[in-house]
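Peer 1: no FASTA, just this:
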Ligand SMILES: [Zn+2]
C-alpha cells in the first residue's frame, strides 16, 4: 500500500513537472520577439520602430532591445545580414547579399607582431566575400531600421547624414521604394552614389553656405516633426544600434568566442555602444565565453571631443563654441566622424560603455590615418576609408604602447572599405539635391511641401 502511494506520488510529480515545462513553453511562444527596455528606470515597452525614448520623467536614457531568443540561432538561408535576424528588431527581411565579413589577417598581423588579428570588413572586397555595395557598415543599420518599418508605411523617413549613412539609406530606400528625406551638408554630396540609379522616392536636401553635419541634423530634426514625416532617431534607435552590433556578432560566431579587444573609429559613438550591447547579448547567450571586450575607440584630430572628455575622466563633453568646432571639423579628413552632439553622456551611452569595458580612446591625425590606409592597402590588398584609417592608426598606437598582448584576440572594425574598388568595378550614379539651402534660411515647411508634391508626382 505504501509503495502504491509512492508510485502515485511519482506520477503526480511527473505530471506537475511536465505541466510546468509545457506552461513555460506556451509562455515563451506567446512572448513578443523583442521588447524595449529603458536602461535608466527599467520600464518595458512593446517593440515599436517609432519609439525612441522612455515615457518616464528622468534624464535622457537610451532604450535597449531585449530579445526572446537569448541564444542566437544563425539562419544562413536568410539573405545577407538577416542570418542574424534573431537579434534584429525586424518585421520582415529585405533582399541583400551584404553582411559583415570576419577574416583572420596574415600580412598586417605579421607586420604588427600579432598572432590573432581579425578584420571585420564592412564594404566591398569580393575576394573575401564582402558584398556591401554601399561600401560602409551603415548598410547594416539601414537594413535593420528599414526592415523594422511596416510595409507601405505612409510617412516619409527623415535622415540627416554626413555621407555614409545617407548613401546606405538612399540606396536601400531606392531599391525597396521606401520614401526618404535625406539631409546632408552640401560639401559632402560626392558621398551620395550608388551602382544603381536612385528612385524618385528619395528626396535630397543639401545644406549649403558652409553648413556642417550638425546643421544637417538640426534641419532634419525640424523636418521630422512635421506631419507626414518621422525621425530615424540616430543613436536612440535600437534598430540602428542592433544592426551595427552585428559586426561583433559575426566576429564572435566566426571565432567561436568574444574577442578581447575591439578597435573602431567613432563619430556619434553609436558603433561603440552597439559593440558593447552585442557583447552583452553574447555573454547572456553563454556559448561565447565570459569576455568583456575592451573598447578601443578613436576620433580624427583636431576634432576629438569624446577623446578629450574620456581622457579627463569626464562624463561631460568639453564646452566648445560652434565656431571653434566648425574650424576643427574643417581640418579632419574623416568627415563621417564629426558629429558635434554624440551619444556620449546619455544614460546607456558611450561613456558608460567605456567604463564597463575599461576602454581606451585615441586621437588620430590626418597623416596617421593616411599612413594607416596605405599600410592596409599594401598588406591586406584593398582600399579603406579615412575613418577606417583612423581605427587602424589607433591599433598601431595600442601596439606601440603595449596595450594589447600579441596572443590576444583582436577585432579591427573596418567600417568602410573597398570604395575605390567599387568605382573600378561599376559605373556609379550620383544623387542630385532637390533643394539646396543655407542653415539660417532653411524653411522646413516649404521643403516638406515640395517633397510631398514630388512624391505625388513620382
Ligand atoms: Zn525610463
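Peer 2: Nice, thanks for sending it over. Fair warning: this is a prediction, and the values are worked out from it, not measured in the lab.
Peer 1: I'd like the next helix or strand past the helix or strand of the chain with the lowest mean pLDDT.
Peer 2: Across the helices and strands of the chain, mean confidence by mean pLDDT, DSSP states H and E is lowest for helix 2-30: a mean of 69. Downstream of helix 2-30, the first helix or strand assigned by DSSP states H and E is strand 34-38.
Peer 1: Poorly predicted segments of the stretch 301-450 of the chain, please.
Peer 2: Under the criterion pLDDT under 70, no range of the stretch 301-450 of the chain is flagged.
Peer 1: Backbone dihedrals for the residue of it found nearest the ion, both of them.
Peer 2: The stretch 301-450 of the chain approaches the ion most closely through residue 347 (8.6 Å), counting by Cβ to the ion. Every C-beta, even on glycine, is put in place using the N, C-alpha and C of the backbone. Dihedral pair for residue 347: phi -60, psi 130, per degrees, to the nearest 10.
Peer 1: Enumerate the beta-bridge partners assigned to it.
Peer 2: residue 61 (DSSP bridges).
Peer 1: List the buried residues in stretch 429-440.
Peer 2: 431, 433, 434, 435, 437, 439 (16 or more other Cβ atoms under 10 Å).
Peer 1: Please list which of those residues are also close to the ion.
Peer 2: Contacts with the ion are made by none of the buried residues of stretch 429-440, judged by Cβ under 5 Å from the ion.
Peer 1: With secondary structure as added columns, please give these in TSV.
Peer 2: Formatted as TSV, the buried residues of stretch 429-440 follow (DSSP: H, G, I helix; E, B strand; the rest coil):
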residue	secondary structure
431	coil
433	coil
434	coil
435	strand
437	strand
439	coil
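Peer 1: now, among those residues, which is nearest to residue 312?
Peer 2: Minimum distance to residue 312 across these is 30.3 Å, recorded for residue 439 (Cβ to Cβ).
Peer 1: so who does the closest one touch?
Peer 2: 207, 209, 211, 215, 218, 219 (Cβ atoms under 8 Å, 6 or more residues apart in numbering).
Peer 1: Mind telling me the two of these farthest from one another?
Peer 2: 209 and 218 (13.6 Å).
Peer 1: Compare neighbour counts for the two and give me the winner.
Peer 2: A count of neighbours by other Cβ atoms under 10 Å puts residue 218 above the other of residue 209 and residue 218, at 18 against 14.
Peer 1: Leaving out the residues flanking it, which one is nearest to that one?
Peer 2: Distance criterion Cβ to Cβ, 6 or more residues apart in numbering; nearest residue to residue 218, sequence neighbours excluded, is residue 439 at 7.2 Å.
Peer 1: per-residue pLDDT, the residue positioned nearest the centre of the chain?
Peer 2: Per Cα atoms, centre = their mean, the C-alpha nearest to the average position across the chain is that of residue 244, at 3.0 Å. Per-residue pLDDT puts residue 244 at 97.
Peer 1: Could you number the chain from 56 rather than 1 from now on?
Peer 2: With the count now opening at 56, the last piece we talked about shows up as residue 299.
Peer 1: State the distance from it to the ion.
Peer 2: Applying Cβ to the ion, to the nearest Å, the value for residue 299 to the ion is 23 Å.
Peer 1: these two touch, right, that residue and residue 326?
Peer 2: Yes: the criterion here is Cβ atoms under 8 Å, and residue 299 meets it with residue 326 at 5.2 Å.
Peer 1: Can you pull the residues that touch both of these two?
Peer 2: Any residue near both residue 299 and residue 326 by Cβ under 8 Å, 6+ apart counts here, and that gives residue 192.
Peer 1: quick one on the thing from earlier: from the contacts of residue 494, which has minimum pLDDT?
Peer 2: At the low end of pLDDT for the contacts of residue 494 is residue 266, which has 87.
Peer 1: can I assume that residue is in contact with residue 493?
Peer 2: Yes: in this structure residue 266 lies within contact range of residue 493 using Cβ under 8 Å: 6.8 Å.
Peer 1: Could you pull up the residues touching residue 113?
Peer 2: Contacts of residue 113 (Cβ under 8 Å, 6+ apart): 95, 96.
Peer 1: how about it, phi and psi?
Peer 2: Dihedral pair for residue 113: phi -150, psi 170, per degrees, to the nearest 10.
Peer 1: Could you list the residues of this structure in contact with the ion?
Peer 2: By Cβ under 5 Å from the ion, the residues of the chain that approach the ion are 93, 95, 96, 98, 109, 111.
Peer 1: Give me the buried stretch members for stretch 230-250, please.
Peer 2: For stretch 230-250, by 16+ other Cβ under 10 Å, it's 230-231, 233-244, 246-249.
Peer 1: can you give me the mean pLDDT across it?
Peer 2: So the average pLDDT for stretch 230-250 ends up being 95.
Peer 1: again with stretch 99-114
Peer 2: Mean predicted confidence for stretch 99-114 is 97.
Peer 1: Quick one: distance of it to the chain centre.
Peer 2: How far stretch 99-114 lies from its chain's middle: 20 Å, per Cα atoms, centre = their mean, to the nearest Å.
Peer 1: Need the contacts of residue 494 in CSV (columns: secondary structure and distance to residue 322).
Peer 2: Putting the contacts of residue 494 into CSV (DSSP: H, G, I helix; E, B strand; the rest coil; distance: Cβ to Cβ, whole Å) gives the following:
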residue, secondary structure, distance to residue 322
262, strand, 17
264, coil, 22
266, coil, 17
270, helix, 15
273, helix, 16
274, helix, 18
